[in-house]
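S.K.: Have a look at this fold, sequence not included:
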Ligand SMILES: [Zn+2]
């Protein structure tokens with residue numbers, strides 16, 4: 001499942017072909033993904049200039065000149081493919097249509113953006129621009145982890161009295177938006193906090209230390225995604241997934257990378273999801 005850095009990488013990859021460009025033709029090949037598409041979606045998108053691509057949590061928001069905003073969620077398996085871009089951001093030709101190509105945008109000038117989603121957990125919706133804070137998928141979300149509202153003061157206040165494990169609290173989208181399993185594991189490893197530790201039993205100073213660490217973990221992954229952009233422009237035009245080396249995630253049984261430690265990384269299941277941590281370094 002794409003996490004925030006992957007979604008931001010998709011946004012950055014789409015921006016040069018979409019921002020300022022007109023959707024000459026939008027093709028919508030089925031009535032729904034996870035939920036039904038909005039009424040007359042193809043007609044409402046066709047002929048619209050994309051003014052700006054934004055991101056809120058794991059949603060990409062495309063502001064259209066006509067006053068509506070398109071929300072795109074990649075779901076579990078959604079992929080964006082870019083082809084035929086005459087400006088050379090993407091050098092390959094249009095691929096043959098595939099079975100799960102659900103939405104296709106032909107941009108004025110020749111670029112094509114194809115949304116392919118075999119498992120159909122993705123979503124698209126239209127709303128008035130500026131109304132995203134009230135949208136049902138966004139209204140409940142906490143602050144962006146890379147935004148100013150996610151401050152040390154905020155996080156200490158949000159977690160201080162909580163009687164839940166720190167891992168679950170950081171995955172709670174009402175507390176901070178867009179953090180997923182991988183990057184929470186990585187942040188807790190760097191902060192040397194055990195994923196099972198109750199928020200109430202962590203000092204304010206240690207909770208505060210998570211704020212710069214969360215930002216750093218995400219910034220590094222976004223940078224890795226950015227450097228991958230060059231590769232897929234030349235490969236198959238697919239946006240959104242890139243190789244990234246994790247310090248703890250997926251390393252069960254391998255030695256901890258902290259100098260002088262080397263303890264085997266442990267995996268446990270919390271709320272149905274794997275937590276990877278070093279039982280020596282993280283307390
Ligand atoms: Zn260790």
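M.R.: Alright, I've got the coordinates. The shown structure was predicted, so the numbers you read here are calculated from the model rather than taken from an experiment.
S.K.: And the contacts of stretch 201-208?
M.R.: The contact list for stretch 201-208, computed with CB atoms under 8 Å, 6 or more residues apart in numbering, reads 152, 155-156, 159-160, 166, 191, 193, 199. C-beta here means a position set from N, CA and C on the backbone, and glycine is covered the same way.
S.K.: Can you name the residues that contact residue 100?
M.R.: Counted by CB under 8 Å, 6+ apart, residue 100 has contacts 116-118, 120.
S.K.: Those into CSV, with extra columns for secondary structure and pLDDT?
M.R.: Below are the contacts of residue 100 laid out as CSV (DSSP: H, G, I helix; E, B strand; the rest coil; pLDDT from 0 to 100):
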residue, secondary structure, pLDDT
116, strand, 89
117, coil, 88
118, coil, 86
120, coil, 89
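S.K.: And the pLDDT at residue 92?
M.R.: On pLDDT, residue 92 comes in at 65.
S.K.: got it, and residue 97?
M.R.: Residue 97 is assigned 84 on the pLDDT scale.
S.K.: That one sits in which helix or strand?
M.R.: Per DSSP states H and E, residue 97 falls between elements, in no helix or strand.
S.K.: Kindly tell me how buried it is, as a neighbour count.
M.R.: Residue 97 has 12 neighbours, counted by other CB atoms under 10 Å.
S.K.: May I have the phi/psi pair for it?
M.R.: Taking degrees, to the nearest 10, you get phi -60, psi 140 for the backbone angles of residue 97.
S.K.: measure it to residue 108 for me?
M.R.: Here residue 97 is placed at a distance of 21 Å from residue 108 (CB to CB, to the nearest Å).
S.K.: what residues does the chain put near the ion?
M.R.: 256, 258, 261, 263, 278, 280-281 (CB under 5 Å from the ion).
S.K.: Excluding covalently adjacent residues, which one is nearest to the residue in the stretch 1-150 of the chain positioned nearest to the ion?
M.R.: In the stretch 1-150 of the chain, the residue that lies nearest the ion is residue 3 (23.6 Å; CB to the ion). In this structure, residue 3 finds its nearest non-sequential neighbour in residue 180, 4.1 Å apart by CB to CB, 6 or more residues apart in numbering.
S.K.: so the residue of the stretch 1-150 of the chain closest to the ion touches residue 184, yeah?
M.R.: No - counting by CB atoms under 8 Å, residue 3 sits too far from residue 184 to count as a contact (9.6 Å).
S.K.: More neighbours: those two, which one.
M.R.: Each of residue 3 and residue 184 has its neighbours counted (other CB under 10 Å); residue 184 has more, 25 against 18.
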